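the amino acid sequence is not available; the structure is as follows:
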């Protein structure tokens, strides 16, 4: 029985070799699945900020967005990281980076930073952001800034009395009369 199985196997093998050598073109490029790379979720956050300038309780940040992707190569299984951060623009916020200046209406830029959603955030260039912060250095100029507590004022000083010279008795000739014995 074993002899018969080996014979059948050799016959099948010879048929395959014969068909391949009959002049057919054989494509020897490797065959991949429909998707040659497997996309992966990026491990970096989608947005990040970097402090650029600060003055008077306001901070100018540079906003970056993650672009590109990560993939698994099908032949080697290596992870290919083609992500990088691209600068979106500059935003103005508080020193902690938790609240940013927004535009009214539907203008501005929306993003998610550290799990918080920010919408309609105003985008500046570096120069215009610095100029805006410097123009608002005095918090009283900006109605949206937190109010400073009023400084205690010193008590009013009482008015100084007007200086009046002491009265002179006898007038100008008083000394002459005395010498003369007349009072």
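Happy to help now that I have it. What you see is a predicted model, and the numbers here were worked out from it, not measured in a lab. Numbering: from 1, shown residues only.

tell me the confidence at residue 74?
Residue 74 is assigned 81 on the pLDDT scale.

distance-wise, check it relative to residue 38.
Applying CB to CB, to the nearest Å, the value for residue 74 to residue 38 is 7 Å. Where you see a C-beta, it was placed from the backbone N, CA and C, and this is true even at glycine.

with residue 50 instead?
Distance from residue 50 to residue 38, by CB to CB: 32 Å.

hmm, residue 112 is touching residue 63, no?
No. Residue 112 is not in contact with residue 63 according to CB atoms under 8 Å; the separation is 11.8 Å.

who has more neighbours out of those two?
Shown here are residue 112 and residue 63; by other CB atoms under 10 Å, residue 63 has more neighbours (23 against 12).

contacts only, for the residue lying closest to that one once chain neighbours are set aside.
Nearest non-adjacent residue to residue 63, counting by CB to CB, 6 or more residues apart in numbering: residue 88, 4.5 Å away. The contact partners of residue 88, by CB atoms under 8 Å, 6 or more residues apart in numbering, come to 47, 63, 64, 65, 109, 111, 123.

list the beta-bridge partners for the fourth one.
Listed by DSSP bridges, the beta-bridge partners for residue 65 are residue 47, residue 86.
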